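Engineer: Next come a sequence and a model predicted from it.
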Amino acid sequence: MKRALQTAEAPGATAFINARLIDPESGRDEPGGLLVTGSTIADLGSHLRRNAPQGAEVVDCHGHVLCPGIVDMQVFTGDPGQEHRETLKTASFAAAAGGVTTIICMPDTEPVIDQVALVDYVQRRARERAIVHVHIMAAVTRGLKGEEMAELGLLQRAGAIAFTNGKSSIANARVMRNALLYARDFDALLVHHTEDPHLSSGSAMNSSEMSTRLGLPGVHTFAEVIMVERDVRLVEMTRGRYHAATISCRDSLDVVRRAKSKKLPVTCGVSINHLTLNENDIGPYRTFFKLRPPLRSEDDRAALVRGLADGDIDIIVSSHDPQDADVKRRPFAEAADGAIGLETLVPAALRLFHSGEVGLVPLLRAMTINPAKLLGLPTGRLAKGAPADLALIDLNTPWVVDREQMRARSKNSPFDEQKVQGRVLRTMVDGRTVYQYGVTDRY
């Protein structure tokens, strides 16, 4: 490590020098340094590239990217009720190793998070056990059944950051309309899984020539498009804030584009799996690639990547959905949907950068400041006074994903045994290092 020049005193502070600073909010992309004091960013810029205040711990970034910590807007855990799949503690360890400093937990637990007491329970458990920020999306309907609305106002006051029906779509248009109206009165965000449950029932993958060859029941992209179109019409009627959780095809993106052109309060997200994988990856019935929504055609994947590059897609999520071996080691049609993704979100996303399909700043924007702004969080940016939630990323180091080395409790990674390029070297949450590559995790 090169010796840093010493300037003003800052005992107890951490100085990152010789970094490539990237702040997606301002568009900053320059060599420089950053000073952390307590839990906040005290200073940053090119003047700190080689200078560190006296008494500060010095971290030489060796030219690697220093950016805001990742905000993952869709994380499923098994806590409470199915801790054998994942706990808040193990999910937070996996997040820290992946540069994710904030996770948003879905309400698909046992019991469903649809009551104030359960929101309080998860928040308390997260404070005690998690090493990253944990926020909760509460259920928009009781039991995620899509029939009766939960007490959205009370849940919001208890700390729910948004509302969703998890992996279940609300088929009843009247219930969805009422939910949008009610959420609007609280300026709450409604996040929806867009898949018609009647058209998708019994399906195992995308409906295509590939599904025919594999002899698997498929679901057409129209099952998603119909739901997105319906929801957008309801948003036009109610003006409620709406986010399509994980679209997966070109036609859905077109619907979102039209909604945005009308200035409707509509945003959309996409799973990193649907940006980097397609239905051909299923190959010889590999159940780690069985997802919901299913992997689509290469044409749909490419259209989503272009939509991300153009700014039409707002958010990238890991869609971290741990499933244990008992429900994954089954015939493909019978296996559970879902894949883990917290630890591979960044290296998988960097595939799009290395291939030249998406610039680094737009890519990081969809994983940092965009979800932070959508959810009203103060993180996701590099600025004086902002929370010191940071990720130090080596863009170029190649490595092979090994599920046995992952910190997640379940090991169902679609990137297992794949070569990736780029690795998170350090993760800081509220000014505290919670992960450092090659060093025992500190928490």
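Structural biologist: Happy to help now that I have it.
Engineer: Could you verify my assumption that R49 touches I17?
Structural biologist: Yes. At 6.2 Å, R49 counts as touching I17 under the criterion of Cβ atoms under 8 Å. C-beta coordinates here come from the backbone N, C-alpha and C atoms, glycine included.
Engineer: overlap in contacts of these two?
Structural biologist: Shared between the contact lists of R49 and I17 (criterion: Cβ atoms under 8 Å, 6 or more residues apart in numbering) are residues G33.
Engineer: Neighbour count: those two, which is higher?
Structural biologist: Each of R49 and I17 has its neighbours counted (other Cβ atoms under 10 Å); I17 has more, 24 against 20.
Engineer: Grab the nearest non-local neighbour of that one.
Structural biologist: Nearest residue to I17, sequence neighbours excluded (Cβ to Cβ, 6 or more residues apart in numbering): G33, at 4.4 Å.
Engineer: mind listing the helices in the chain by residue range?
Structural biologist: With DSSP state H applied, the chain shows helices at 88-97, 116-129, 152-158, 173-185, 197-200, 209-214, 222-238, 250-261, 272-276, 298-310, 325-328, 345-354, 360-365, 369-375, listed in chain order.
Engineer: mind giving me CSV with these and columns for distance to G143 and mean pLDDT?
Structural biologist: Compiled in CSV, the helices of the chain are given as follows (distance: least, Cβ to Cβ, whole Å; pLDDT from 0 to 100):
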stretch, distance to G143, mean pLDDT
helix 88-97, 21, 98
helix 116-129, 12, 97
helix 152-158, 14, 97
helix 173-185, 13, 97
helix 197-200, 15, 96
helix 209-214, 31, 96
helix 222-238, 20, 98
helix 250-261, 27, 98
helix 272-276, 27, 98
helix 298-310, 32, 98
helix 325-328, 21, 95
helix 345-354, 30, 98
helix 360-365, 36, 98
helix 369-375, 24, 98
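Engineer: Contacts only, for the residue nearest to I17.
Structural biologist: With contacts taken as Cβ under 8 Å, 6+ apart, G33 has the following neighbours: 15-19, 21, 44-52.
Engineer: which of the residues you listed count as buried?
Structural biologist: Buried members of those, scored by 16 or more other Cβ atoms under 10 Å, are 15-19, 21, 44-45, 48-50, 52.
Engineer: Any stretches of the protein with poor pLDDT?
Structural biologist: Within the chain, the segments meeting pLDDT under 70 span 1-11, 440-443.
Engineer: what's the distance between L295 and K262?
Structural biologist: With the distance defined as Cβ to Cβ, to the nearest Å, L295 ends up 30 Å from K262.
Engineer: ok, those two, which is more surrounded?
Structural biologist: It is L295, of L295 and K262, that has more neighbours when counted by other Cβ under 10 Å, with 25 against 10.
Engineer: Tell me the spatial nearest neighbour of that one, not counting adjacent residues.
Structural biologist: Going by Cβ to Cβ, 6+ apart, L295 has E279 as its nearest residue, at 4.7 Å.
Engineer: Repeat that for V65.
Structural biologist: Nearest in space to V65, with sequence neighbours left out and distances taken as Cβ to Cβ, 6+ apart, is I393 at 4.5 Å.
Engineer: So the one you found sits against H64, correct?
Structural biologist: Yes. Here I393 lies in contact with H64, judged by Cβ under 8 Å, at a distance of 6.2 Å.
Engineer: Need the residues touching each of the two.
Structural biologist: By the contact definition Cβ under 8 Å, 6+ apart, I393 and H64 are jointly contacted by L425.
Engineer: Between these two, which is the more surrounded one?
Structural biologist: Set side by side, I393 and H64 give different neighbour counts by other Cβ under 10 Å, the larger being at I393 (26 against 22).
Engineer: Can I get the helices of the chain in a markdown table including mean neighbour count and distance to V317?
Structural biologist: Written out in a markdown table, the entries for the helices of the chain read as follows (neighbours: other Cβ atoms under 10 Å; distance: least, Cβ to Cβ, whole Å):
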| stretch | mean neighbour count | distance to V317 |
| --- | --- | --- |
| helix 88-97 | 27 | 12 |
| helix 116-129 | 16 | 19 |
| helix 152-158 | 17 | 21 |
| helix 173-185 | 18 | 20 |
| helix 197-200 | 14 | 20 |
| helix 209-214 | 14 | 25 |
| helix 222-238 | 20 | 16 |
| helix 250-261 | 19 | 15 |
| helix 272-276 | 26 | 7 |
| helix 298-310 | 18 | 12 |
| helix 325-328 | 14 | 21 |
| helix 345-354 | 23 | 8 |
| helix 360-365 | 22 | 13 |
| helix 369-375 | 22 | 8 |
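Engineer: wait, doesn't S271 sit right on L277?
Structural biologist: No. With contacts defined as Cβ under 8 Å, S271 does not count as touching L277, sitting 9.3 Å away.
Engineer: Quick check on these two: which one has the bigger neighbour count.
Structural biologist: Higher neighbour count among S271 and L277: S271, with 28 against 23, using other Cβ under 10 Å.
Engineer: Now do the same contact list for the more buried one.
Structural biologist: In this structure, S271 makes contact with 74, 246, 248, 291, 316-319, 341, judged by Cβ under 8 Å, 6+ apart.
Engineer: Now, those residues that are in strands?
Structural biologist: Of the positions in these, 74, 316-317 sit in strands, assigned by DSSP state E.
Engineer: And the strands in the stretch 1-150 of the chain, which stretches?
Structural biologist: 5-9, 14-23, 28-37, 40-45, 51-54, 57-60, 65-68, 70-75, 100-105, 133-139 (DSSP state E, counting those that start in this stretch).
Engineer: Ok, which of these comes nearest Q115?
Structural biologist: Proximity to Q115 (Cβ to Cβ) singles out strand 133-139 among these, at 8.6 Å.
Engineer: So which residues make contact with that closest one?
Structural biologist: Strand 133-139 is contacted from outside by 88, 92, 101-107, 112-114, 119, 122-123, 126, 150, 152, 155-156, 158-166, 191, 375, 377, 379, 389, 429, using Cβ under 8 Å, 6+ apart.
Engineer: again, but for stretch 77-85
Structural biologist: If you take Cβ under 8 Å, 6+ apart as the criterion, stretch 77-85 is touched by 86-88, 91, 105-106, 109-111, 118, 121-122, 125, 322-324, 409-410.
Engineer: How about the contacts made by I247?
Structural biologist: With the criterion set at Cβ under 8 Å, 6+ apart, I247 makes contact with 194, 224, 228, 253, 256, 268-270, 293, 304, 313.
Engineer: try 10 Å
Structural biologist: Shown in contact with I247 (Cβ atoms under 10 Å, 6 or more residues apart in numbering): 194, 221, 224-225, 227-228, 253, 255-256, 268-271, 274, 293, 296, 300, 304, 307, 313.
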